[in-house]
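[1] got a structure for you, letters missing:
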DNA sequence: TATTTATATAATTATTTGCTTATTAAATGA
DNA sequence: TCATTTAATAAGCAAATAATTATATAAATA
């Protein structure tokens, strides 16, 4: 799980309509038309939010004739949260994504004479 | 913690620049100018993201002369994640925010003759 | 078969967000 | 005191997002 996977999942969670849909799906899996009836929102609005959440992995769908049955993936959510906390505990040096940042931070920490932001743009030595 | 608190926190996490800043703050608390040096990003960009994260409670600041020292609030994050999982396990009837939705869902579930989405707009009976 | 139901998707518009540049202000130092 | 460092904030703009309306399609049903 990389940084952009987290972004996708947290983007999916960071919107009120989507959180409401997720809460309803936590009661029980539902069809789109049920969500529509319960939330009193337009069908495209609900479908579009469901597509975003499906893309992030927080819900799954199962076709049933002309209807689609959506379920909350609470275990996946739980796993994601634990992974993020672990991500924050990981050594920066082991995250290839942060290679450059790691080098610059090491230079910053090893050199006590360093001026943080000098005239002449972002010098770290 | 209500739905909009969650939205604020997850919005704060659902952005790549902010997640990068948080990862760096997980190594150790930092000044804005240090984040700037390490990330090679403009100072306003970093400050603006920090304000959003401060508003969501995921970082805290401490003034030190002309500098500002930012810390990751990992315990708060951890608590938030646990709270959200709990939120999904709560009985819908105990969430005032979902009063209307709860009523409509109960009607839906109690009446087996219900047509999900009938002609004549969102009828649930 | 024609109509209705269920859902996805496209097009459009309005709002929000993220970034840059510019400005301000406070603390530091020559 | 005047220049520098640090950081917040404002203004402006481009890109992304969320909602509506309009279509399209497939399955169910009268």
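    Perfect, I can see it now. Computed from a prediction, not measured in an experiment: that's the story for all the values here.

[2] Just confirm yes or no for the helix or strand where residue A:69 lies near DNA strand C.
    In the assignment (DSSP states H and E), residue A:69 maps to strand A:67-72. Yes: against DNA strand C, strand A:67-72 shows contacts by C-beta under 7 Å from any atom of the strand at A:67-69. C-beta here means a position set from N, CA and C on the backbone, and glycine is covered the same way.

[3] Ok, stretch A:30-44 next?
    Yes: Stretch A:30-44 is in contact with DNA strand C by C-beta under 7 Å from any atom of the strand, via A:31-34, A:36, A:43-44.

[4] residue ranges of the strands in chain A, please?
    For chain A, the strands defined by DSSP state E occupy A:30-31, A:59-64, A:67-72.

[5] Show the secondary-structure elements that the first one is packed against.
    Contacting strand A:30-31 under the criterion 3 or more C-beta pairs under 8 Å, 6 or more residues apart in numbering or on different chains; DSSP states H and E are the following elements: strand A:67-72.

[6] Residues touching the strand it packs on, excluding its own?
    For strand A:67-72, contacts defined as C-beta atoms under 8 Å, 6 or more residues apart in numbering or on different chains pick out A:22, A:25-26, A:29-33, A:35, A:50, A:54, A:58-63, B:88.

[7] Just the buried ones among the residues of stretch A:30-44 next to DNA strand C, please.
    Taking 16 or more other C-beta atoms under 10 Å in any protein chain shown as the criterion, what is buried in the residues of stretch A:30-44 next to DNA strand C is A:31-34, A:36.

[8] Counting residues, which helix of chain A comes out longest?
    In chain A, assigned by DSSP state H, the helix with the most residues is helix A:74-89.

[9] Measure how it sits relative to strand B:67-72, angle-wise.
    What separates the directions of helix A:74-89 and strand B:67-72 is an angle of 140 degrees, with axes from the mean of the first three to the mean of the last three C-alpha atoms, to 10 degrees.

[10] could you say what helices and strands helix A:74-89 packs with?
    Contacts defined by 3+ C-beta pairs under 8 Å, 6+ apart place helix A:74-89 against helix A:3-13, helix B:16-27, helix B:74-89.

[11] give me the low-pLDDT residue ranges for chain A?
    The model of chain A has pLDDT under 70 over residues A:111-125.

[12] interface residues of it facing DNA strand C?
    A:31-34, A:36, A:43-44, A:47-48, A:50-51, A:61, A:66-69.

[13] closest to residue A:18 among those residues?
    Each of the residues of chain A next to DNA strand C was scored against residue A:18 by C-beta to C-beta, and residue A:50 proved nearest at 8.7 Å.

[14] Thought residue A:60 was touching the closest one, still the case?
    No: here residue A:50 does not reach residue A:60: they are 10.3 Å apart, not a contact under C-beta atoms under 8 Å.
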